[in-house]
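Participant: Give me a 3D structure for the following:
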Amino acid sequence: MAEAIIEQVEAAVRDGQLPRALEMARRALDEGVVHPMLLNLRSYWWVQQGRDEDALADLKHAIGIAPEDIFVRNAYGVLLGRLGRWEEAMPVLKGTVEITPEWAPARQSLGWAMESTGELAEARIHYERALALDPDFAEPMVRLSSLATRRGDWEGARALANRALELQPGGYGASTTLASVAIADRDFDRAEEIVRRLVAAKPPSPLDGIFARNVLGDLRHAQGRYAQAFKAYTESNRAKFKLYAPQYDRPGVTVTDYCRWLTDYFSSASPERWSAASQTAPDDPRDGATGHVFLVGFPRSGTTLLENVLASHPGIETLEERDMLDEPMRAFLTNEADRERLAVLDEAAIAEWRARYWARVRAHGVAVAGKVFVDKYPLSTLKLPIVAKLFPKAKVLFALRDPRDVVLSCYRRSFGINSSMFEFLDLERAAKFYDAAMSLAQVCRTRLGLAWREVRNESLIADFETEARAICAFIGVDWSAEMTDFAEHAKSRSIRTPSSIQVVKGINREGVGTWKNYEAELAPVLPLLARWVEAFGYE
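Facilitator: Purely as a prediction, here's the structure:
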C-alpha cells in the first residue's frame with residue numbers, strides 16, 4: 001500500500017503535476033505513511049502557507065530517516081538560510097555538496113548561501129560550477145548576473161540575465177537584474193517597463209518582491225523623483241521589517257541599547273584600567289606585519305572606498321568586512337561580569353587572544369608579513385575597548401561622512417539582515433543607532449588612548465592625493481602612485497558591501513549631499529542628527 005502511494009506521488013512529480021503531488025503527499029502523511037519524499041513535499045506546502053517552523057520540523061524528520069537524501073538536505077539547508085539561521089544552514093549545504101559534488105542544485109544552493117553571507121568569490125565559484133554541470137540551469141545565471149552588477153560589469157550582467165530569460169521567460173530575478181542594468185544605462189523607459197511588471201507580478205518569494213520594490217526606489221531616485229523614491233524604499237523596508245521582526249525586533253536588547261550600555265560604562269571607566277597607554281603586555285608580534293590598523297566608523301561612511309584605496313598600495317594588506325573581533329566581544333563585552341574580566345585580563349590571556357586573532361586572519365588567506373595590515377569592519381567601532389586591551393599599539397582610522405547622507409544611505413540600501421542591519425529598516429531606528437554609535441566612538445576616542453585619525457569621505461573625494469598621503473603617513477607607509485588606480489584594482493576584487501558599484505567608478509561626488517534631495521522625508525530625524533552635523537563640522 002505505502003509503496004504504491006510513493007510510486008504515484010513520484011509519478012505526479014515527474015509529470016510536473018506538483019499541486020496533485022502535494023495533495024497526495026499530505027493525505028498519505030495524514031494516513032500514517034511516512035517517507036522522506038512525502039515530508040519534503042509537505043514542507044514545501046507548509047512554506048507556501050507561511051508556516052516555516054512546520055516546514056522545518058518535516059524536513060528535520062526526513063533527514064532523521066534519510067540523512068544522505070540530497071533533495072531533503074538541500075531543501076532543509078535552503079530553508080534554514082532563508083530564516084537567517086546560517087550557522088545551521090552552512091554545514092547542511094556544504095555536506096550536501098560533499099555527498100554529491102556533481103549535482104548542480106547542491107552547488108547552486110551553497111553558492112546562494114555564500115553570497116547571502118558575503119562570501120562573494122566563493123559564491124561565484126559554486127555558481128560557475130553549477131552552470132558547468134548543467135548549462136541550461138537558469139538560476140546560477142541569474143545569480144551570476146546579479147554579482148556582475150556589483151562589479152559594475154553591466155554588459156556581463158545583461159548577457160547572463162537575457163540568457164536566463166531565454167530558459168525561463170518572464171523570470172523574476174533575471175528581470176530585476178535587467179531593470180538595474182537599464183537604470184545604470186539611464187534607459188529609464190526600459191527600466192520603467194520592467195519594474196512595473198515586477199511590482200505587479202507575484203514574486204517567487206517575499207525577498208524577491210522586497211528587492212524589486214527597492215529597485216523601483218533606485219529608478220525613481222535616478223529620475224529625480226525623490227519623494228516617490230523614498231516611498232518605494234519605505235515600502236520595501238516595511239515589508240522586510242515585518243519579515244524579520246519575529247527574529248530581531250526585541251525591545252530593550254537592540255544594538256542601539258548595546259551601544260548605550262557600553263557608553264554609560266566607559267564614560268566614567270578608569271583610564272588606568274582601559275587606556276591603551278596603560279597596557280603592559282609585551283608587544284604583539286602581529287604575524288610579521290609591520291603595522292596594524294583598524295578601519296572603523298559606521299556603515300555607508302566611506303569605509304569601503306578607503307579600504308580599496310589602501311588595498312591598492314603594495315605595502316598594505318587589507319581584510320574587508322570580516323568581523324574578526326566577534327569572538328572576544330562575545331567573551332568579554334556582553335555582560336558586566338565578563339567586562340570586568342576583560343579589564344583585568346593578564347598577559348598570558350592577552351597573548352592567547354592575540355594568537356587566535358592572527359590565526360583567523362591567516363585562515364582568510366591574508367598574508368600580512370612585511371606589510372601594514374588593515375582590518376576593515378565599520379562596526380568594530382563597538383569593539384574598540386577590545387582593541388585597546390588586545391592591540392594597544394594598533395592605529396584607528398575612523399571614517400566620517402555627513403551624518404544625513406549616512407543615515408539616508410543606510411535606509412536606501414539593501415543589506416543582508418542581522419541584528420545591526422535590521423535597525424536600518426526604520427528611519428528613526430537608523431538615526432538612533434547612528435547617534436548611539438557615534439556617542440560610543442566619542443567616548444572611546446577620549447578614554448581609550450588609541451592612536452586615532454579621522455578620515456572625512458568628502459575630503460578624500462575633494463583632494464584625493466593630499467588626503468591619501470596624510471593617511472599613509474599616519475599608518476606608516478610611503479605614498480604610492482598605485483593608489484590613484486584603486487578603482488581598476490577594485491574590479492578584480494570581490495567587494496562584499498553595497499558600495500561596490502560606487503567604488504569601481506572611482507572618485508566622484510555623486511553621493512555627496514544626496515540628503516538634500518530628501519530633506520522633507522528626513523525631517524523627523526534631522527534634529528537627532530544635528531548634534532553630529534555640528535560636531536563633525538558639516539554645514
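Participant: how about the nearest residue to residue 412, chain neighbours excluded?
Facilitator: Ranked by CB to CB, 6 or more residues apart in numbering and with sequence neighbours excluded, the top spatial neighbour of residue 412 is residue 233, at 5.3 Å. Backbone N, C-alpha and C define where each C-beta goes, glycine included.
Participant: The one you found: which element?
Facilitator: helix 226-248 (DSSP states H and E).
Participant: packing partners for that helix?
Facilitator: Packing partners of helix 226-248 (3 or more CB pairs under 8 Å, 6 or more residues apart in numbering; DSSP states H and E): helix 206-222, helix 403-412, helix 519-522.
Participant: make it 6 Å
Facilitator: helix 206-222 (3 or more CB pairs under 6 Å, 6 or more residues apart in numbering; DSSP states H and E).
Participant: could I have the helix it packs on exported to PDB, CA atoms only?
Facilitator: This file holds the C-alpha atoms of helix 206-222, laid out as PDB (Å, rounded to 0.1, in the frame of the first residue of the first chain):
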ATOM      1  CA  PRO A 206       8.900  37.800  -0.200                       C
ATOM      2  CA  LEU A 207      12.500  38.800  -0.500                       C
ATOM      3  CA  ASP A 208      12.300  38.900  -4.300                       C
ATOM      4  CA  GLY A 209       9.400  41.200  -4.100                       C
ATOM      5  CA  ILE A 210      11.100  43.400  -1.500                       C
ATOM      6  CA  PHE A 211      14.200  43.700  -3.700                       C
ATOM      7  CA  ALA A 212      12.100  44.600  -6.700                       C
ATOM      8  CA  ARG A 213      10.500  47.400  -4.700                       C
ATOM      9  CA  ASN A 214      14.000  48.600  -3.800                       C
ATOM     10  CA  VAL A 215      14.900  48.700  -7.500                       C
ATOM     11  CA  LEU A 216      11.800  50.800  -8.100                       C
ATOM     12  CA  GLY A 217      13.200  53.200  -5.500                       C
ATOM     13  CA  ASP A 218      16.500  53.300  -7.400                       C
ATOM     14  CA  LEU A 219      14.700  54.100 -10.600                       C
ATOM     15  CA  ARG A 220      12.700  57.000  -9.100                       C
ATOM     16  CA  HIS A 221      15.900  58.300  -7.500                       C
ATOM     17  CA  ALA A 222      17.700  58.200 -10.900                       C
END
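Participant: what's that helix packed up against?
Facilitator: helix 172-184, helix 188-200, helix 226-248.
Participant: Just name the most buried of the ones you listed.
Facilitator: The highest mean neighbour count among the helices and strands packed on helix 206-222, using mean count of other CB atoms under 10 Å, belongs to helix 172-184: a mean of 24.
Participant: Now do it, average pLDDT.
Facilitator: Regarding helix 172-184, the rounded mean pLDDT is 95.
Participant: Pull the distance from that helix to the chain's centre.
Facilitator: 21 Å (CA atoms, centre = their mean, to the nearest Å).
Participant: which residues of the stretch 1-150 of the chain score low on pLDDT?
Facilitator: 1 (pLDDT under 70).
Participant: where do the helices sit along it?
Facilitator: 2-14, 18-30, 36-48, 52-65, 70-82, 86-99, 104-116, 120-133, 138-150 (DSSP state H, counting those that start in this stretch).
Participant: Reformat these as CSV; add distance to residue 293 and mean neighbour count.
Facilitator: Listed next are those as CSV, based on distance: least, CB to CB, whole Å; neighbours: other CB atoms under 10 Å:
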stretch, distance to residue 293, mean neighbour count
helix 2-14, 55, 14
helix 18-30, 54, 17
helix 36-48, 45, 21
helix 52-65, 42, 18
helix 70-82, 33, 22
helix 86-99, 28, 17
helix 104-116, 27, 24
helix 120-133, 23, 19
helix 138-150, 25, 24
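Participant: I'd like those laid out as CSV, including distance to residue 481.
Facilitator: What follows is the helices of the stretch 1-150 of the chain, written out as CSV (distance: least, CB to CB, whole Å):
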stretch, distance to residue 481
helix 2-14, 61
helix 18-30, 60
helix 36-48, 54
helix 52-65, 54
helix 70-82, 44
helix 86-99, 41
helix 104-116, 34
helix 120-133, 27
helix 138-150, 27
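Participant: right, and those - which one's nearest residue 287?
Facilitator: Among these, helix 120-133 comes nearest to residue 287, with 22.1 Å by CB to CB.
Participant: now the closest one and helix 86-99, what's the angle there?
Facilitator: Computed by axes from the mean of the first three to the mean of the last three CA atoms, to 10 degrees, the angle separating helix 120-133 from helix 86-99 equals 40 degrees.
Participant: Output helix 120-133 as PDB - backbone C-alpha positions only.
Facilitator: In PDB, the C-alpha atoms belonging to helix 120-133 read as follows (Å, rounded to 0.1, in the frame of the first residue of the first chain):
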ATOM      1  CA  LEU A 120      31.100  36.500  -3.000                       C
ATOM      2  CA  ALA A 121      34.200  34.900  -4.500                       C
ATOM      3  CA  GLU A 122      33.300  31.500  -3.200                       C
ATOM      4  CA  ALA A 123      29.700  32.000  -4.300                       C
ATOM      5  CA  ARG A 124      30.800  32.800  -7.800                       C
ATOM      6  CA  ILE A 125      32.900  29.600  -7.900                       C
ATOM      7  CA  HIS A 126      29.900  27.400  -6.900                       C
ATOM      8  CA  TYR A 127      27.600  29.200  -9.400                       C
ATOM      9  CA  GLU A 128      30.000  28.700 -12.200                       C
ATOM     10  CA  ARG A 129      30.500  25.100 -11.300                       C
ATOM     11  CA  ALA A 130      26.700  24.600 -11.200                       C
ATOM     12  CA  LEU A 131      26.400  26.100 -14.700                       C
ATOM     13  CA  ALA A 132      29.200  23.900 -16.000                       C
ATOM     14  CA  LEU A 133      27.400  20.800 -14.700                       C
END
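Participant: ok, and what's touching that helix?
Facilitator: For helix 120-133, contacts defined as CB atoms under 6 Å, 6 or more residues apart in numbering pick out 102, 104, 107-108, 110-111, 114-115, 137, 140, 143-144, 147, 494, 496.
Participant: quick check: domain ranges of this structure?
Facilitator: Under the assignment automatic domain parsing, the domains of the chain span 2-182, 255-535.
Participant: Can you get me the start-to-end distance on the last one?
Facilitator: With CA to CA, to the nearest Å as the measure, the ends of domain 255-535 fall 23 Å from one another.
Participant: Repeat that for the first one.
Facilitator: Between the opening and closing residues of domain 2-182 we find a distance of 53 Å, counting by CA to CA.
Participant: buried stuff in stretch 201-219?
Facilitator: 203, 207-219 (16 or more other CB atoms under 10 Å).
Participant: tell me how far it is from the chain's mean position?
Facilitator: The answer for stretch 201-219 is 18 Å, by CA atoms, centre = their mean.
Participant: and if you look at stretch 114-123?
Facilitator: 10 Å.
Participant: Between the two ends of that stretch, how far is it?
Facilitator: Note: stretch 114-123 ends 5 Å apart using CA to CA.
Participant: What of stretch 295-303?
Facilitator: Using CA to CA, one end of stretch 295-303 lies 7 Å from the other.
Participant: Run through who's touching that stretch.
Facilitator: Against stretch 295-303 from outside (CB under 6 Å, 6+ apart): 307, 374, 376, 378, 380-381, 397-399, 401, 406, 409-410, 437, 457.
Participant: Which neighbouring elements make contact with the strand or helix carrying residue 387?
Facilitator: Taking DSSP H and E as the definition, residue 387 sits inside helix 384-390. Contacts defined by 3+ CB pairs under 6 Å, 6+ apart place helix 384-390 against helix 347-363.
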